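*Asks:* pasted the sequence and its predicted model underneath.
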Amino acid sequence: MVSLERIRELIQDGRFEDVYRLLAGDSSLSENEEAARLLGLACLRMGKYSEAADCYELVCKNSNNSEDWFQLAMARLMADDVVHGVVALEEAKRRFTKGKMTVPMMLFHAIGALLDRGLWDAAKRYLEELAGVYMQIGRTDDASLFAQGVPFFGWFVNAVIRAYKGSFSEKAGVVWLKSLAPRLDEEGQRKVAAAIRLLSAGQNRKTE
């Protein structure tokens, strides 16, 4: 096997195909956690999601690192294996330690993957979890959220609109957002009000 230092250099240079060519099928991957991790990353960047998941499965057999489990979750989700993706995401959240990717940012990426695949209900589940984070913080300005490793509230609102419009459930989205608004600051309430107007407009068009 080529040296891992060389593999890291290739990844840094964006030469993911070369990494794949050098490591894919190597019989020692099951015994070399770092090599499996690097190949998994290359596969993710190349869109080979099922192969990336197989690599991260090898890594996670002996890893308690939340980011390894998160990468496994993303690979599974992007390979349309939602059940195992959600299981891995829950393991990533459970293993979170300070200094690693925050749980809200894990949710941010997972929600994006679910929305891209039209998996509206699964996305809504995590949007509800993320909403609890904003209400606990009590502030929705970008600076406060960035400092705590939480996605910007504007992104959250847009994701809510996308999930409820995509599932043709604008009315339910309006009801849910109205229940959130009283527990947010003024800035958050303004953004929620704008989202409610957009969802309501879509709902009205369907009844015309």
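*Replies:* Good, I have the coordinates.
*Asks:* Leu115 touches Lys165, doesn't it?
*Replies:* No - contact between Leu115 and Lys165 fails when scored by CB atoms under 8 Å: they sit 10.6 Å apart. Every C-beta, even on glycine, is put in place using the N, C-alpha and C of the backbone.
*Asks:* and these two? Which one has more around it.
*Replies:* Taking neighbours as other CB atoms under 10 Å, Leu115 and Lys165 compare with Leu115 leading, 19 against 16.
*Asks:* how about the more buried one, secondary structure?
*Replies:* Three-state call for Leu115 (DSSP: H, G, I helix; E, B strand; the rest coil): helix.
*Asks:* could you report the pLDDT at it?
*Replies:* Confidence at Leu115, expressed as pLDDT, is 96.
*Asks:* please name the nearest non-neighbouring residue to it.
*Replies:* Ala123 (5.1 Å; CB to CB, 6 or more residues apart in numbering).
*Asks:* quick check: mean pLDDT across the longest helix belonging to the chain?
*Replies:* Counting residues, the longest helix found in the chain (DSSP state H) is helix 186-207. Helix 186-207 shows an average pLDDT of 86 in the prediction.
*Asks:* equivalent analysis for stretch 97-104, please.
*Replies:* Stretch 97-104 comes out at a mean pLDDT of 91.
*Asks:* just the buried residues of that stretch, please?
*Replies:* 100-104 (16 or more other CB atoms under 10 Å).
*Asks:* give me the subset of these lying in helices.
*Replies:* 103-104.
*Asks:* quick one: which of the buried residues of stretch 97-104 is nearest to Ala42?
*Replies:* Met101 (19.4 Å; CB to CB).
*Asks:* the closest residue to the closest one other than its chain neighbours: which element?
*Replies:* Using CB to CB, 6+ apart and skipping the chain neighbours, the partner closest in space to Met101 is Glu67 (5.7 Å). Using DSSP states H and E, Glu67 falls within helix 66-78.
*Asks:* so how far is that helix off the chain centroid?
*Replies:* 9 Å (CA atoms, centre = their mean, to the nearest Å).
*Asks:* send the alpha carbons of stretch 167-179 over as CSV?
*Replies:* Taking C-alpha atoms only, stretch 167-179 is exported to CSV below (Å, rounded to 0.1, in the frame of the first residue of the first chain):
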residue,chain,number,x,y,z
SER,A,167,-44.6,17.6,0.7
PHE,A,168,-47.6,19.7,-0.3
SER,A,169,-48.4,20.4,3.4
GLU,A,170,-48.1,24.2,3.5
LYS,A,171,-51.0,24.4,6.0
ALA,A,172,-49.2,22.2,8.5
GLY,A,173,-46.1,24.2,8.0
VAL,A,174,-47.9,27.4,8.8
VAL,A,175,-49.4,25.9,12.0
TRP,A,176,-46.0,24.7,13.1
LEU,A,177,-44.2,28.0,12.5
LYS,A,178,-46.9,29.9,14.3
SER,A,179,-46.3,27.7,17.4
